[in-house]
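A.B. asks: Just the structure for this:
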Amino acid sequence: MSDLSHFVIGVALIICSLFLAGTYVEYRVEPISFAESTRDVVLLSEDEIIPLGLTTIAPKPNSVLAKYHGRIGAQQGIFARSGNSKFVAAVGGLLLPTLLMLIAIYLVARITLSEVKKQRRAKKE
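C.D. replies: Sure thing, here's the model as predicted:
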């Protein structure tokens, strides 16, 4: 295959990986929900795939929370988009896009390395 076809395939793979990631998963920040009768057990959302840590957010202006709290705790994470199971979102939105990106990087690296080899051969001659 020629360098141009490798480049076109690499670009197509990158576009497909971005489309898959945008279709199946999303980054969200949600207010923390605690288990009943305890304040130290944080419940994960049922569609959360990867928790990314805790942060604080400002409540909406003129809301009940804004009257009593300055900032409230929130959890960051990668979540399955509505309508998708966690497994489908993890495979279609995280695993496949990662593999497609790695293949695209490999194809582009092959083009770059072949160009470097051609330039070295030209310098020797």
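A.B. asks: just the helices in the chain please.
C.D. replies: 3-24, 64-68, 86-90, 96-124 (DSSP state H).
A.B. asks: Could you list every helix and strand in contact with the first one?
C.D. replies: Contacts defined by 3 or more C-beta pairs under 8 Å, 6 or more residues apart in numbering; DSSP states H and E place helix 3-24 against helix 96-124. Every C-beta, even on glycine, is put in place using the N, C-alpha and C of the backbone.
A.B. asks: and the angle from the helix it packs on to helix 3-24?
C.D. replies: Per axes from the mean of the first three to the mean of the last three C-alpha atoms, to 10 degrees, the angle that helix 96-124 makes with helix 3-24 is 160 degrees.
A.B. asks: contacting residues for the nearest residue to residue 24 once chain neighbours are set aside?
C.D. replies: Distances taken as C-beta to C-beta, 6 or more residues apart in numbering put residue 93 closest to residue 24, at 3.0 Å, once the chain neighbours are dropped. Counting by C-beta atoms under 8 Å, 6 or more residues apart in numbering, residue 93 makes contact with 20-21, 23-25, 49, 80-81, 84.
A.B. asks: Generate the ChimeraX command that creates a selection of the buried members of these.
C.D. replies: Per 16 or more other C-beta atoms under 10 Å, the buried members of those correspond to this ChimeraX selection:
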select :20,21,24,25,49,80,84
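A.B. asks: could you redo the contacts of residue 93 as a markdown table and give each row pLDDT and distance to residue 119?
C.D. replies: Listed next are those as a markdown table, based on pLDDT from 0 to 100; distance: C-beta to C-beta, whole Å:
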| residue | pLDDT | distance to residue 119 |
| --- | --- | --- |
| 20 | 94 | 36 |
| 21 | 93 | 35 |
| 23 | 92 | 41 |
| 24 | 94 | 41 |
| 25 | 94 | 41 |
| 49 | 88 | 44 |
| 80 | 92 | 47 |
| 81 | 89 | 46 |
| 84 | 87 | 47 |
